[in-house]
Each structure stands twice: as structure tokens, then as C-alpha cells.
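**Student:** curious how this folds, go ahead:
(one chain, ligands or ions: 1)
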Amino acid sequence: MANIGYIQVVRHCNHFCGFCSNPTTPYTHDLESMRVLVDDLVDRGYFGVVMTGGEPTLHPELPEIVAYASERGLHVRMITNGWRLADRRFADELARAGLRLVHVSIYSVDADVEARLRGVEGSLERAFAALDNAAAAGVEVNINSVINRLNADHLDRNVRYFLKNHPQVRHFVWNNLDPSMGRAEVNQELFVPRLADFELSLHRALRLLHRAGRTFRVERVPLCYMTEFAWASTETRKIIKGEERVVHFLDDKQTVRQTAWGHIYGDGCEVCSLRPICGGLFDQGGAYDPDELHPVFIDHERVVAAVLGDASDPSFTGQTLDAWRESFAGRATPEPVPRERETMREALIPVGRITDRGRRLFAAKRRAEADKAARLGVAVERERERAADERDEQP
Ligand code: SF4
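**Tutor:** Numbers count the residues shown, from 1 in each chain. Here you go, the predicted structure:
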């Protein structure tokens, strides 16, 4: 298995997406506190680490922590909005440090839509430059895209543009909007799509990519909305392979280990042939409608065989279908579990710390973001109770 862990290295950002699920907090990291988390992933036997945020390139010690994770044998990846990678020297520096793969996040190739979603002008050009700079520096480049109400009708147009203008991008990741946290939670009406809104354009996009020999993954989309490409569902692949995911959140959640991949199921799911390997509907904020789910009747083992036979997957083991049947029989069908029980919080390692300086920066950031939000017509995230305020007060 190729488990991948996530470390949120910062939680502030130079963009202001109205559906950000991980907005700013008073927690901060230094090199020492990040090293502990890298060591944790190594001790767990993980294959790789994704440096994420907030916007991870804003941490002044990012090259150092990338180098450390690389020296410790992890496959080092990063999710970024690409703004700082538009500087070729910075891309080279991260490549030298050991960055192997970068996911550049782009929602739309329509500059107006992208600016509206990101809350800043000029982000698209810089993200395009990031794609080229990272590739020129020898870093593998993927594109990450959050499916939302404003891009739902042109996911295929995005793909056509990338295939034509950025052929170095070989892998695409689509994430349906997570409506449960941060600003996404309070701006659901503005940004959460109906499943039917993106079904056709997602299908066209995946077909284009498949025909062009690109690989892709899709997260938080129920299988009945991507039946032909069910093998590309992140949840389904994890259910089939029994994989887990650790996220070191730089907030009160701290370390979360996710081992269950089932979300919400509708009435029709009972008779659906894909039910044993489907993550269902990712709905933790009441934003998506279970009535949009519909049963399908294709052999789920065809999907399993496609996943097990995918030699391009880093966790490819060559496992046979018979061996899988035997191991899967001992596992439970994914159940609709509430978020609190879907994840396992592990409080062994402190993730970051809250200092007076961190608190001051957080307060300043919140004031600046309230202005931005008012300009853009979006709401700011709810303030959380800070149970950790009493914990870990270090200068
Ligand atoms: S199990 Fe439910 S959500 Fe999954 S494909 Fe079937 S009907 Fe859709």
C-alpha cells in the first residue's frame, strides 16, 4: 500500500477562495515542529507526504522541510495555488530540495471565473507559469481542481485547454467541493453544485483525458455520477485497497487518521451493485441532496479488477481478484458514519503551536479578510472555540 500523509505547513494564504475549507488559524509551525510530523509519517511506514495549507509556499522554511522529508525517504509532494512558483528560481529551489511532485490548483481556465473564485486578479497567468516552471525544474506537475457551482459546466473546456497548452501535465485530480468546513460551510449557496450540474462536463472531461493517455482521480463524487470511470474514484480505490490517510491539521483537529471512506447513502443504494465499493455522497453539511443518487447495475468486480490491475499506481501489488475477494470478505461494507466516528483523532503529537505572535497575526489576518469578504460578497468562516488555547503556549 502507498499511504500518503498530509502536513498543513501554514494556514494563511495569499488568495481568498470563498469555499476554502482550511482557512487561517492562530497555529504556526517552525522547522522543528514540522520535522516531528515528517518523522511520524516515516514511522507509520508511509510512502509519501503532501505539503499543504493554507498556501504552503508562504512558509519561509518550506525548502528545509522538503529537504528533510526527502532525506527521510518520503516521496515529497505539494499542493499550491502556484502564485510563488511563477518565480522560476523558487521552483528550482524546491526541486533541488527534493520536491518530486506538485499539484497546482486551478479551478477554471476562464480568467474571470478563476478571479472570482480566488478573490485575486492575475492568479491564472501565474498558475500557468507555475505549471511550466515546475516542469522545467524537473518536478512532476499535476492539476488539482475543486468542482464547484461556477466551473461545473466547463470542466471539459478546462481539460481541452490544458491538453493543448500544457501537455506536460499528465495527471489530474478533481475534488468535489467539501461543504462541511471553513468558508465552504458558510457559503454553500454560492458555491456548492448539484451533482447533475457537473455530471456531463465531468464525464466529457474524463473521456478526453482517458483518450489522451492521461491519468486522473476524482474525490467526493458518488460512483453513479462517474460510472464509466468508477475505478478513478479516490474513495473507491481506498476501499478496495484498504488504505488510510493521515492529515496533520494545523488547527484544533490536530492529527486525524482516516480509515473509513463511506459517507451518506440514499434509499436506492440498497439495491445498487456498486454499493460495496462506493463512498456514497460526501455530505456533512446538508449541502448535497441524497435524492440525486440512483442505483446502477454493473458488476463491481470489473471496477475492482481495473484498480488491482493499474500498474501506474504507486501501490500496485499485482494482487489477483481471487486474493482480493478473500481479503475483502473479512472487511465490512462501507457504512454511513458521522464525521466524528469516520476519523480517528490521535493526540500523541502536538501539531504546531499557538504563540502570542501567532495570535496577533491571526487577528490581523481576520480583519483583512473581513474586508476582502465584504468586497467579494462572501461570508467569512465561523470562529471556532479554541479548546487548544490553554495548550502549548510557547514563546
Ligand atoms: S451506492 Fe449509492 S451513491 Fe454509490 S453508486 Fe450506488 S446509488 Fe450511487
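**Student:** and the host helix or strand of Asp322, what's its mean pLDDT?
**Tutor:** Here Asp322 sits within helix 321-329, counting by DSSP states H and E. What helix 321-329 shows for mean pLDDT is 92.
**Student:** contacts for it, please.
**Tutor:** Ile240, Gly242, Pro276, Glu301, Val304, Ala305, Leu308 (CB atoms under 8 Å, 6 or more residues apart in numbering). Quick note: C-beta positions are derived from backbone N, CA and C, even for glycine.
**Student:** turn these into JSON lines, including neighbour count, secondary structure and pLDDT.
**Tutor:** Listed next are the contacts of helix 321-329 as JSON lines, based on neighbours: other CB atoms under 10 Å; DSSP: H, G, I helix; E, B strand; the rest coil; pLDDT from 0 to 100:
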{"residue": "Ile240", "neighbour count": "25", "secondary structure": "helix", "pLDDT": "95"}
{"residue": "Gly242", "neighbour count": "14", "secondary structure": "coil", "pLDDT": "91"}
{"residue": "Pro276", "neighbour count": "18", "secondary structure": "helix", "pLDDT": "94"}
{"residue": "Glu301", "neighbour count": "16", "secondary structure": "helix", "pLDDT": "96"}
{"residue": "Val304", "neighbour count": "24", "secondary structure": "helix", "pLDDT": "97"}
{"residue": "Ala305", "neighbour count": "16", "secondary structure": "helix", "pLDDT": "97"}
{"residue": "Leu308", "neighbour count": "21", "secondary structure": "helix", "pLDDT": "96"}
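**Student:** between the residues you listed, which sits nearest the ligand?
**Tutor:** Pro276 (8.6 Å; CB to the nearest ligand atom).
**Student:** doesn't Glu301 make contact with the closest one?
**Tutor:** No - Pro276 is not in contact with Glu301 according to CB atoms under 8 Å; the separation is 9.5 Å.
**Student:** for this structure, which residues are neighbours of the ligand?
**Tutor:** Contact residues, the chain versus the ligand (CB under 6 Å from any ligand atom): 222-224, 265-266, 268-269, 272, 274-275, 278, 280-281, 293-296.
**Student:** any of the residues you listed buried? List them.
**Tutor:** Using 16 or more other CB atoms under 10 Å as the burial test, the residues of the chain next to the ligand include 222-224, 265-266, 269, 272, 274-275, 278, 280-281, 293, 296 as buried.
**Student:** in TSV: those residues, plus pLDDT.
**Tutor:** Formatted as TSV, those follow (pLDDT from 0 to 100):
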residue	pLDDT
Pro222	97
Leu223	98
Cys224	97
Tyr265	92
Gly266	90
Cys269	94
Cys272	97
Leu274	97
Arg275	96
Cys278	96
Gly280	94
Leu281	92
Leu293	94
Val296	96
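**Student:** which strand residues bridge the residue positioned nearest the centre of the chain?
**Tutor:** Nearest residue to the geometric centre of the chain (CA atoms, centre = their mean): Asn175, 6.5 Å. With DSSP bridges as the criterion, Asn175 is bridged to Val146, Glu219.
**Student:** for Cys269, give me its contacts.
**Tutor:** Contacts of Cys269 (CB under 8 Å, 6+ apart): Arg275, Cys278, Gly280, Leu293, Pro295.
**Student:** switch the cut-off to 7 Å
**Tutor:** Cys269 sits next to Arg275, Gly280, Leu293, Pro295 when contact means CB atoms under 7 Å, 6 or more residues apart in numbering.
**Student:** what about the strands in this protein?
**Tutor:** 4-8, 27-28, 48-52, 75-80, 101-105, 140-147, 171-176, 215-219, 245-248, 255-258, 343-346, 353-354 (DSSP state E).
**Student:** Throw these into TSV and include distance to Glu369 and mean pLDDT, thanks.
**Tutor:** Output for the strands of the chain, formatted as TSV (distance: least, CB to CB, whole Å; pLDDT from 0 to 100):
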stretch	distance to Glu369	mean pLDDT
strand 4-8	18	97
strand 27-28	16	96
strand 48-52	19	98
strand 75-80	20	98
strand 101-105	19	98
strand 140-147	19	98
strand 171-176	22	97
strand 215-219	26	97
strand 245-248	23	94
strand 255-258	25	92
strand 343-346	27	55
strand 353-354	18	94
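**Student:** mind putting those into JSON lines with distance to Asp112?
**Tutor:** JSON lines is the format used below for these (distance: least, CB to CB, whole Å):
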{"stretch": "strand 4-8", "distance to Asp112": "30"}
{"stretch": "strand 27-28", "distance to Asp112": "34"}
{"stretch": "strand 48-52", "distance to Asp112": "27"}
{"stretch": "strand 75-80", "distance to Asp112": "22"}
{"stretch": "strand 101-105", "distance to Asp112": "18"}
{"stretch": "strand 140-147", "distance to Asp112": "17"}
{"stretch": "strand 171-176", "distance to Asp112": "21"}
{"stretch": "strand 215-219", "distance to Asp112": "25"}
{"stretch": "strand 245-248", "distance to Asp112": "33"}
{"stretch": "strand 255-258", "distance to Asp112": "36"}
{"stretch": "strand 343-346", "distance to Asp112": "37"}
{"stretch": "strand 353-354", "distance to Asp112": "38"}
